[in-house]
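[1] I'll drop the sequence and a predicted model, then ask my questions.
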Amino acid sequence: PCRATPGDRKEPFIHIARATGDDPAGEAELKAAYDSADDDTRRAFMQGVRAAQHGAPAVPGAELIFCDALDGASKVHVEPFAPYGEIVQIEPEMPGLFPTMTDVVTKTKDGYRIPAHIEARIAADGLDALDAGDAAKAATLFRALTRINPSDAVKSAVEHGEWTTTIAYWAAYVATHDATSQAKAKALAWIDKHAAAADNAWEAAFIGDATSKEPVDKRTALARTLASSSVPDVHRSGLYMLAQALRDRGKFEEASEMVAAELKKTPDDPWWQRTEINVDADLGQFAKARALSVSRAALADKTRLPGLLNNAAWFSIYDKADDAALQQAERAAQLRADGPTLNTLAAVDASLGRFDDAASAFHREAQSETFDEKGPHAGYRFVRARLEEALGYRDAARADYDKITKSESGTQADVWHLAQKRLQALAAR
């Protein structure tokens, strides 16, 4: 069952559907899907597979079910996309049967294949079109990329005509992915040339989606390149990336030293101020992180105030929540009633034994949260488990605590540590 048919445009997608195992069989399927699948292609693909599988229930034979549906219960839409090939979209005949799949496909002597690293190639061409003054061609290419490699942030930017954010994203993408060295050089040159115009949109896009899923060594290498730039915005963004890479690698002492050095140069930089607080928490210095949050909240504008109050309240949970933390959490939720602030308020209420209030805040949070394929985030699961404990549903609470995974960085601010304390408390009863 579920065999890819040479000459069928669904052929590479079926190979992908069969390539879910990180093993020689999966490797062979992936090589059959792409025109040149190298180690980086395989690594990126498996990162996506693991992300999709994370938190999802294991269903025996799910791969074959998906593959058969893809083969026998799907519709194929094809549109020419010269000179790259065709944009092929596979969608289920019955909505929800499987996720719609879209990619560039080209015909080779062996059948239909997906060109490896096609996104970086198209993005590089889009940057070239911009430099040549062909804004219409660039817009066409960037819109196509949003369909092939969807990113919520970039999709929103495209829909609202925020081309600076969109272009910054794809410049970063080219620079971090496996484009040719010539394309990478062009992307870095474009970043240097246009960073000043991009302003805050550039920083948000660059440090966000385009690089967050890349291996830390790639991000570190790119950050060092950017940090050596003479363009202030690019230099600053490179330094930000370096500090974040240190945190991701668990090098919190080094990150702390770097933050301290940068704050001496630019004491009012909000990014370094925020990172100083986070690194203190990474090191388990929650009282210090909380005190910094409170002192900076006293001087903060209305944009930063809710986040600082929220941090101060949240950090109290790792030691001992108190009335001051409750006031901070309530004030943060009044100023900005969203998922993070309501989650903190519910957690503080639960820590203080105010379970009716915790349930109310949690209900408001549940109405404001949306989750990706990974399911509820750790803070949400933690509060839900606290409420399950309070209601006497200990098995359900244990199940939720067990689903909170440990961060690879080893940060002490991991919700996993809070979950482990609760599991120990439940075991002692």
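    Looks like it came in fine.
[2] use CA for all of it now, contacts and neighbours both
    Will do.
[3] so where's the stretch 1-150 of the chain uncertain?
    For the stretch 1-150 of the chain, applying pLDDT under 70 flags the ranges 1-5, 20-22, 37-66, 150.
[4] which residue ranges of it form strands?
    Under the criterion DSSP state E, counting those that start in this stretch, the stretch 1-150 of the chain carries strands at the ranges 74-81, 85-92, 101-108, 111-113.
[5] now the stretch 201-350 of the chain
    With DSSP E, counting those that start in this stretch, there are no strands along the stretch 201-350 of the chain.
[6] can you list the weak-confidence ranges in it?
    Looking at the stretch 201-350 of the chain by pLDDT under 70, you get 201-215, 218, 231, 233-234.
[7] neighbours of Gln367, how many?
    Applying other C-alpha atoms under 10 Å, we find 10 residues neighbouring Gln367.
[8] quick one: which of the strands of the stretch 1-150 of the chain is nearest Arg236?
    Among the strands of the stretch 1-150 of the chain, the nearest to Arg236 by C-alpha to C-alpha is strand 101-108 (34.7 Å).
[9] list the buried residues of the closest one.
    Using 16 or more other C-alpha atoms under 10 Å as the test for burial, strand 101-108 gives 102-107.
[10] which residue packs closest to Ser316, ignoring adjacent ones?
    Distances taken as C-alpha to C-alpha, 6 or more residues apart in numbering put Ala325 closest to Ser316, at 6.5 Å, once the chain neighbours are dropped.
[11] what sits against the one you found?
    312-314, 316, 348 (C-alpha atoms under 8 Å, 6 or more residues apart in numbering).
[12] out of the strands of the stretch 1-150 of the chain, which comes closest to Ala136?
    strand 74-81 (14.9 Å).
[13] which other helices and strands does the closest one contact?
    Where contact means 3 or more C-alpha pairs under 8 Å, 6 or more residues apart in numbering; DSSP states H and E, strand 74-81 is packed against strand 85-92.
[14] show me how far the strand it packs on is from its chain's centre.
    Strand 85-92 sits 25 Å away from the centroid of its parent chain (C-alpha atoms, centre = their mean, to the nearest Å).
[15] and it, which strands flank it?
    Using DSSP bridges, strand 85-92 pairs in its sheet with strand 74-81 (antiparallel), strand 101-108 (antiparallel).
[16] what's the closest of those strands to Leu391?
    strand 101-108 (42.9 Å).
[17] can you tell me what sits against that closest one?
    With contacts defined as C-alpha under 8 Å, 6+ apart, strand 101-108 is touched by 9, 13, 35, 84-91, 112-115, 118, 147-148.
[18] please pick the buried ones from the residues you listed.
    9, 13, 35, 85-91, 112-115, 118, 147-148.
[19] tell me the contacts of the nearest residue to Ala243 once chain neighbours are set aside?
    Spatially, and ignoring its direct neighbours in sequence, Ala243 is nearest to Ala255 (5.6 Å; C-alpha to C-alpha, 6+ apart). By C-alpha under 8 Å, 6+ apart, the contact list for Ala255 reads 243-244, 246-247, 279.
[20] ok, now Leu292?
    So Leu292 contacts Ile277 (C-alpha under 8 Å, 6+ apart).
[21] who's in contact with the closest residue to Glu93 other than its chain neighbours?
    Among residues not flanking Glu93 along the chain, Ser74 sits closest, at 5.0 Å (C-alpha to C-alpha, 6+ apart). Neighbour list for Ser74: 90-93 [criterion: C-alpha under 8 Å, 6+ apart].
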